[in-house]
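*Asks:* Just need the structure, nothing else, for what follows:
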Amino acid sequence: MLQWLVVLCTCLGVSLSQAQNSRTGLQQPDNTLPIPRNAFEIATYPNSNPLQQPEVRLEAVVTFVDNTTVFLQDNSGATFLNYPTANRKELFMPGQRIQIEGVRHPGLIIGGINPNKIEMVGIAPLPRPKRINHSELYSGRWHYHLVEVEGVVRSFQSTGESTGTMEINTLGGDIEVRFDQTPENPTALIDALIRVTGLASGVTNTQRQLISPYIRVRTPLHFNVIKPAPKKPFDLPVTLIGDIPGNVLHRIKVKGQALGPYISGGVFLRDESGTLFARLTQPPDFRTGDYLEVLGFVSVGSFNAQLNNAAAKIVKSGEPPIPNHPTASAMYDGRDGDLVKLRLQVLQRMETPGWTELLCQYGAVAIKIITRNPLDEKVGPGAEVEATGLCRVTRTTSSSRGHRAHPNSYDLLLRDDRDLILLSPTPWFTDEQLTTLLTGFVVLTLLAVIWAAILRVQISRQTRIIQDKVESEAVSEERRRIAREFHDTLEQELAGMSLRVDAASTRVTDGKAKGLLDELLKLLVRMQTETREFIWNLRDTAQTDVTLNEALRSMIEHQQSQTPTSISFTTSAHIPALSPLVQHQLLSIAGEAIHNALKYASARSIVVLLEVVDKVLHLQITDDGSGFNPDDVPAGHFGIQGMKERSRKIGARLQVESASGQGARVDVHYKL
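*Replies:* I've put the predicted structure just below:
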C-alpha cells in the first residue's frame, strides 16, 4: 500500500513542459488530418512529415515499463510514452491508469507521445493479452500489445546476471522470448510445453520495418508450464530417419551410425532408412563409426529434415562406415547427409583463410569440395581426384510442374586428409591457362590489325603528301622553264624588233609609211606587256603554295591593278586543298576567261565565284562585255580551246555561255 501511495504522489500532476519544449521543436500539424483521439489513432497517424505532429490527449493503462519507454493500451490499441526521466521503473508500474497531454511522437514502427502533463487517475486491471501465433507476431500487427503464445521450449541462453533468451517452437515457426528475470532452472524446461504472456516487440530497420520480432516477459510469473518436459528424454521411442515428420513440436529420438567426426557444428547419421544431419549443443566424445542416440527438434534444411538443439549419447562403438558410390542421377535425386565417394574433375580452386575449396561438376549438379587440410599444388583446375565426404545440399531446383525438388548444388565436407586422392595432376595447360593464352593471342592479333590499319592510313597520307609535293615541284619547274624560254627568246626578240622599228620610223619621211611603223611599234609594245604578264604568272609560285581561293584572290588583285574594269571575287567559307596540277589548271582557266573579257569583250564588270556544293567545286567567271557566238570563234583564237583541254586534263566539266551583246559566262565543275 505504501508503494502505491509513493507512486501516486510522484506521478500526480507532474508537469514536463520544459523538457518537452527543449526536446521537440515540432511545427504545427496539418489541419486537414483528423486529430488522433485514442491509442490506435496515435499509433497509426501518418508520418509523412515527422516535424508536423498533432497535440494529443489520452487516458490508458500502463502495460509494460523498461528503462527507456512506458507502454500503454486502451480499448482501441497500444502506444507508448516517450518519458524524459532516467529511470521510468521508479515512477510507473503496470496497472496504473494515467492521463497524458502532449504531442505525438513518430516512433520507430508505431507512434507514441511526448508528454507535457501526466496524471494518474487510478488503478485498472491489465488488458487481456491477445493470443497470437508466429505469423501474427512477425506481421507487426500487435506490436507493443500484451500478447500470449504457446510453444515448446527448444533452448535457453543466459544473457546477463538475471536475464535470458528462450526459443520456443510453435507450429508456425520459432519465437524468441526475452526474460527480464530468468526462470528457475531454465534448462529443465527444454521440451516443455509452456504459455508465456508479454509485450510484442522487436528490432526495426531504417525503413520502419520489423525485422527481428520477439516477446518481452517481465518475470517468471508471466509464463506457465502446460506440459512438463520428459524426466528421462532418452527413454523416448526411436524414430527411423526415413520416417521423421516434417512438422512436430517436441523432440524426437533417432539412432544411427556416425558417418564422420564432429563437423560443421554437428554429426551426420545413417540408419537403415536414410541419413540426416543433427546440430549438437554439447557433442559427446565420439568417433567415426560409433552408434549414437540423438534427441533434437525437427526443422527442414535445404533439402531434408534435420535436428537442431540436439543432444547425443554413445550407444556402442562401430567400424568405419562404408561410403556409397552414387551415380550422377542418384545425386540429382538427393543424397543429403550421406557419406559418398565420387570421382571428380576439378574446375576451379579457391583458397580462404583456414579452408580450401575445389569446385567440380558431377552430371547435372555442382559439387564443392571443402577441407581444412592443406592440399598439394598439383590439385588444381583440370586435375582428377577421388573424394570421400559428407554431403550437404546447398541449393535446389523444382521440376517443371513444381511438385518435386532436386538438388543442383552440394557441399562435400572432407573428414581428414585421407578423403582426397589425386588421380591425375593439373595439366601443364589448363582450360583457364589456355583461355588466358587464347585471349592474349586474340588481343595481340587485334592490336596488330589496328596497327596495320593505322600504318596503312599513315602511308597513304604520306604518299599523297609526297605525290602532291612531286606534282607541285614538277608544275613549278615546268612554269619556270617556260618562263625562262619566253624571257630568253620571245621577250628578247620582241624587244629587238621594237628597237629596230623605232629606229626605222625616225628615218622614214613618207607620212603613210611612218604611220604604219608607229602602229607596228604600238603592237610590239602591247605584245611585250602581255609577254611580261604571262612570264610573271608563270614565275608566281604562290599559285601552288596556297589554297585555290587565296591564289585566285592574289591573281585577281594583280589583274585589277592593271585595268580600270571592276573585278570582284566571291568564295565560300571553306575550299578544300587541291593537288597542284588541278589548282594550276583551274587558275589558268580563270586567268584565260578574265583575259578574254578584258581584251576582246571590253567588259565593264567581271565577277568571279568559287564555291563547293554537294562535294562539287564550282568556278564561275561572268562578264557584261560584248559577248560572242561560241560556235563561231575566228581562226587563230585558241583561248576557249585551251580551257577545254585544261578541263579534260583534270576531269572537270566546262560550260561556256555567251551571245552577242549579252556578255559571257564560263562554268567549271570539278568533283572533289
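
*Asks:* For the stretch 351-500 of the chain, which segments are assigned as helices?
*Replies:* In the stretch 351-500 of the chain, the helices defined using DSSP state H, counting those that start in this stretch lie at 431-485, 492-507.

*Asks:* same deal with the stretch 101-250 of the chain?
*Replies:* Taking DSSP H, counting those that start in this stretch as the test, the helices found in the stretch 101-250 of the chain are 134-139.

*Asks:* Show me where it dips below the pLDDT cut-off.
*Replies:* Along the stretch 101-250 of the chain, no part satisfies pLDDT under 70.

*Asks:* Tell me where it has strands.
*Replies:* Ranges of strands in the stretch 101-250 of the chain, per DSSP state E, counting those that start in this stretch, are 112-123, 130-131, 146-158, 164-170, 173-179, 193-204, 210-217, 223-227.

*Asks:* closest to residue 404 out of those?
*Replies:* strand 173-179 (23.8 Å; CB to CB). C-beta here means a position set from N, CA and C on the backbone, and glycine is covered the same way.

*Asks:* Sheet-wise, list the partners of that closest one with their directions.
*Replies:* Sheet pairing of strand 173-179 (DSSP bridges) gives strand 164-170 (antiparallel), strand 210-217 (parallel).

*Asks:* Throw those into TSV and include distance to residue 296, thanks.
*Replies:* Shown next, in TSV, are the strands paired with strand 173-179 (distance: least, CB to CB, whole Å):
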stretch	distance to residue 296
strand 164-170	11
strand 210-217	23
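
*Asks:* and these, which is most packed in?
*Replies:* Of all the strands paired with strand 173-179, strand 164-170 has the most neighbours on average by mean count of other CB atoms under 10 Å, namely a mean of 21.

*Asks:* related to what we said a few turns ago, and the strands paired with strand 173-179: which comes nearest residue 192?
*Replies:* Across those, closest to residue 192 is strand 164-170 (CB to CB), at 9.5 Å.

*Asks:* CA atoms only for that closest one - export them in CSV, please.
*Replies:* The C-alpha trace of strand 164-170 is given here as CSV (Å, rounded to 0.1, in the frame of the first residue of the first chain):
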residue,chain,number,x,y,z
GLY,A,164,18.0,-14.7,-20.6
THR,A,165,16.6,-15.6,-24.0
MET,A,166,14.4,-18.6,-24.6
GLU,A,167,13.5,-20.1,-28.0
ILE,A,168,10.1,-21.8,-28.2
ASN,A,169,8.9,-24.0,-31.0
THR,A,170,5.4,-23.2,-32.4
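
*Asks:* In contact with residue 346: list those residues for me.
*Replies:* 358, 359, 360, 379, 380, 381, 382, 383, 384, 385, 426 (CB atoms under 8 Å, 6 or more residues apart in numbering).

*Asks:* Any quick PyMOL command for the buried ones out of those?
*Replies:* PyMOL command restricting those to the buried ones, with burial defined by 16 or more other CB atoms under 10 Å:
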select buried, resi 358+360+379+380+381+382+383+384+385+426
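
*Asks:* can I get the contacts of residue 346 in a markdown table with distance to residue 369?
*Replies:* Output for those, formatted as a markdown table (distance: CB to CB, whole Å):
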| residue | distance to residue 369 |
| --- | --- |
| 358 | 4 |
| 359 | 8 |
| 360 | 7 |
| 379 | 9 |
| 380 | 12 |
| 381 | 13 |
| 382 | 15 |
| 383 | 11 |
| 384 | 13 |
| 385 | 8 |
| 426 | 15 |
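
*Asks:* Now distance to residue 279 and pLDDT too, for the contacts of residue 346, in CSV please.
*Replies:* Listed next are the contacts of residue 346 as CSV, based on distance: CB to CB, whole Å; pLDDT from 0 to 100:
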residue, distance to residue 279, pLDDT
358, 25, 95
359, 26, 96
360, 26, 95
379, 30, 91
380, 33, 89
381, 34, 90
382, 36, 88
383, 33, 92
384, 34, 94
385, 29, 95
426, 36, 85
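
*Asks:* Outline the domain layout of the protein.
*Replies:* 2-123, 130-227, 233-316, 339-389+396-418, 428-539, 545-671 (automatic domain parsing).

*Asks:* Could you tell me the least trusted of those?
*Replies:* Mean pLDDT per stretch puts domain 428-539 lowest among the domains of the chain, at a mean of 72.

*Asks:* can you give me the helices for the stretch 551-672 of the chain?
*Replies:* 580-599, 639-650.

*Asks:* so which of those gets nearest residue 620?
*Replies:* The stretch from these with the least distance to residue 620 (CB to CB) is helix 580-599; that distance is 9.3 Å.

*Asks:* Now do that closest one against helix 639-650: the angle between them, please.
*Replies:* Going by axes from the mean of the first three to the mean of the last three CA atoms, to 10 degrees, helix 580-599 is angled at 170 degrees with respect to helix 639-650.

*Asks:* can you pull the buried residues of helix 580-599?
*Replies:* Neighbour-count burial for helix 580-599 flags 580-587, 589-594, 596-598 (criterion: 16+ other CB under 10 Å).

*Asks:* Roughly how far does residue 601 sit from residue 561?
*Replies:* Noted for residue 601: a distance of 20 Å to residue 561, by CB to CB, to the nearest Å.

*Asks:* between the two, who's got more neighbours?
*Replies:* Each of residue 601 and residue 561 has its neighbours counted (other CB atoms under 10 Å); residue 601 has more, 19 against 7.

*Asks:* show me the residues around that one that make contact.
*Replies:* Contacts for residue 601 (CB under 8 Å, 6+ apart) come out as 623, 625, 626, 627, 628, 663, 664.

*Asks:* Not including adjacent chain positions, what is the nearest residue to it?
*Replies:* residue 625 (2.4 Å; CB to CB, 6 or more residues apart in numbering).

*Asks:* do the same with residue 191
*Replies:* residue 229 (4.2 Å).

*Asks:* for residue 334, same thing?
*Replies:* Closest to residue 334 by CB to CB, 6+ apart is residue 407, at 5.5 Å.

*Asks:* Quick check: residue 116 touching residue 99?
*Replies:* No: with contact defined as CB atoms under 8 Å, residue 116 does not count as touching residue 99 (11.8 Å).

*Asks:* Neighbour count: these two, which is higher?
*Replies:* Using other CB under 10 Å, the more surrounded residue of residue 116 and residue 99 is residue 116, with 20 against 14.

*Asks:* Residue 55 versus the more buried one, what's the distance?
*Replies:* From residue 116 to residue 55 the distance is 8 Å (CB to CB).

*Asks:* Next: residue 71.
*Replies:* In terms of CB to CB, residue 71 sits 21 Å off from residue 55.
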